[in-house]
Structure formats: structure tokens, C-alpha cells
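[1] Model the structure of this input:
(2 chains)
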Amino acid sequence: MSRVWLALVLSGAGTYAMRASFLAFAHRLTQVPPVAVRLLRQIPPAALAAIVVPALVRPEGHLDLAQPRLAAGVIAAVVAWRTRSVALTLVVGMAVLVALQAA
Amino acid sequence: MRSVAHARAGALAVAPMLIGVVPFGLVAGAAPVAEGLGTGVAIGLSTIVFAGASQLAFVDVLADGGSAVVAILAAWTINLRMVLYSASLAPSLAHEPLRRRLGAAYLLTDQAYALSVARWAEDDDEPEARLPYYLGAGTVLWLAWLASTIVGALVGGAVPPEVPLDFAVPLVFLVLLIPLLGTRPAAAAAVAGGVSAVAAGEIGAGPLSIVAGAVVGIAAGAVVDVVAVRARPLGDTTIP
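    Alright, predicted model coming up:
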């Protein structure tokens, strides 16, 4: 097996181990302590924001508020809030970004 | 037949997200070919790793002359959030046999996770409906990911560079994030998570900054949650 394929398989194996980590032991989790419930409930907003916010304010790998991705993201957020539509948010967000980049 | 209906509901819920997934998959398929790694590696990444951002990081490291070890570490670091997702889903799937949970783990993605968590939080949720819904969403995502990777690998750089396809990914997560912000703990988790991820990136945390931000956000949300529970009158401390 070549070096690249070995790295690929190890990347995939590690990723699967992370995906399976808690799911594999879920049968021991039938009584989840309230503290754990409280922490688990925070995962979706915390993780999603940790992905979205950097993509809007540091798209080139450094903090930059005067660039079109932040403006397009804010407008898309309003569309997402009013419509809850993935398709509409994507279309508006991408269109605003393309328009601002061309301006 | 009931589980088929739930699987169909999951598949339908994920359909609009494909507008964000397919362009991302095209890029994930085109990038390894453009860097000379070949179509086989492109398809191997999308089936064996099956996690877009880490696939691109893997290709990026190797293309820049980085070692295989660095490529593996980059992929693992970016995918560390899967541990959080796994922990978050596990209590809801505890009633399923191990074999099915291990199969479900392979299909764990940001989109399948976020959709399922939102669906399972609804009032009419029944435990038997959960896994079929998740698998319906996850299978459609997997098929779309693989198909778009193959097309991307074959067609390559047909997408003009001025089309910012990579922006579709944060936009999809934005739609998932916004409805969660209705409660104070969730809003605190999101604000702290987003600000911390940016701060971590600024001090050079690289791919770890997503996990760092998420962990700080979870802690902040939990603290606000505790304060909110204490502020409520006695007898109203149920956890929804």
C-alpha cells in the first residue's frame, strides 16, 4: 500500500473511531446524569457557531470584518431566521457574496 | 412500514441541504485529482473518511509537501467534533442494538447530526422512529457525497473559480444554527462558541479552533443553563 493510501485509511479509521466513540457504549447510558444532559444540550449551538462564525469573520485565516463574506452571512442569517429555508438561504447568501465580490 | 416512512422523512428533510453538499462534494472530488493524487484517492477519501473539510485538509497538506503523519493529524483534528456529536446522539439511540449503532456511526456527519437532534427534540418523538430518520438522512447524504465526488473527480475544474462554492457550507450550518438560538443557554453557547473559535484561530490553533470554540461554548451554555434553572420558581426545574 502506498504512503498516501496508508494515510487515507488511518485518517478514516480514526474518524470512524471518533464517530463510534459514544455510540458504541450507548447501552450503558440509559440513565444519563442531569449534568451530562445539560452539557450535551449545548453541543449543537456551540459546535455550529464554532464552524459558522470563523467562516464569516476570518475567511482568509485572519480576523477581517471588512469583507463580503460577513455581510453576505448576516443577510443570509436574516433569511434563515425569517424563512428557515436551506435553499433560499443558500441562494440569497451566495448571490449576495457574488454580487459584492464583483462590485 | 412505519420505519420506511420515518426514513423517507429523514431523506426529504436532507434534500434541500444537498444544494450545499453537492458543490462541496464536487470540490472534494476535484481537489485530489488537481493535486495529482488521482480519482481513486478522491473516491477513497469520500468513502473511507467521508468528512468533507478533513478530506480537503488532507489533500492540502499532501499537496503542500507535508508528511503523511501531518495529513492524518489534520484530518483527525478537524473531525474531533464527531466525538461531541457521538456523545450527543448516544442517549437517544441507547435502545438500539450495538450493530445498528456502529452502522449509524459511519453515517455521522454535521448535517445528519443537526437534523436528527432537532427532530428528536420534538414533542411527538418516539424512540423507534429515531434511527430510521437518521439513516434516511445519512444515506441520502452519503449517496449525494459519493456521486458528487465522482463527478468532481472526472469533470475536475469545470466550476469557475469566481463561484464561491465553499461558502455554501457555512450557509447550511447557519440555517441549522438560527432556530436553536431561542433559549438563553443556547444563545450563550453559540456566542461563546463562535467568539472562542475565532480567538483560537487568531492565536494559531488551526484546525483545533473548532473544537476549542465548541468546548468553551458548551461550558458557557451549561453555566447559563444552571443560572436559568436556579432563577425559575421551585417546581419548574424539569429538563425538556
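
[2] all contacts plus neighbour counts: C-alpha atoms, from now on.
    Noted.

[3] Output stretch A:56-75 in CSV with nothing but the alpha carbons.
    Only the C-alpha atoms of stretch A:56-75 are listed here, as CSV (Å, rounded to 0.1, in the frame of the first residue of the first chain):
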residue,chain,number,x,y,z
LEU,A,56,-17.7,34.7,8.2
VAL,A,57,-15.1,36.8,10.1
ARG,A,58,-11.8,35.2,9.2
PRO,A,59,-12.3,33.6,5.7
GLU,A,60,-8.6,34.1,4.8
GLY,A,61,-7.3,32.8,8.1
HIS,A,62,-7.1,36.2,9.9
LEU,A,63,-9.8,38.4,11.5
ASP,A,64,-11.3,40.7,8.9
LEU,A,65,-14.7,42.3,9.3
ALA,A,66,-14.5,44.5,6.1
GLN,A,67,-15.0,41.7,3.6
PRO,A,68,-18.1,40.5,1.7
ARG,A,69,-18.5,37.1,3.5
LEU,A,70,-19.5,38.7,6.7
ALA,A,71,-22.1,41.0,5.0
ALA,A,72,-23.4,38.1,2.9
GLY,A,73,-23.6,35.9,6.0
VAL,A,74,-25.5,38.5,8.0
ILE,A,75,-28.1,38.9,5.2
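
[4] List the buried residues in it.
    A:56-59, A:68-73, A:75 (16 or more other CA atoms under 10 Å in any protein chain shown).

[5] Dump these into TSV; add pLDDT as well.
    Formatted as TSV, the buried residues of stretch A:56-75 follow (pLDDT from 0 to 100):
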residue	pLDDT
A:56	96
A:57	96
A:58	94
A:59	89
A:68	96
A:69	96
A:70	97
A:71	97
A:72	97
A:73	97
A:75	97
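
[6] How about residue 87: what's its closest non-neighbour residue?
    All of this is about chain A. Among residues not flanking residue A:87 along the chain, residue B:16 sits closest, at 5.6 Å (CA to CA, 6 or more residues apart in numbering or on different chains).

[7] right idea, wrong chain: chain B
    Distances taken as CA to CA, 6+ apart put residue A:22 closest to residue B:87, at 4.9 Å, once the chain neighbours are dropped.

[8] Go ahead and confirm that neighbour touches residue B:93.
    No: applying CA atoms under 8 Å as the test, residue A:22 and residue B:93 come out as separate, 10.4 Å apart.
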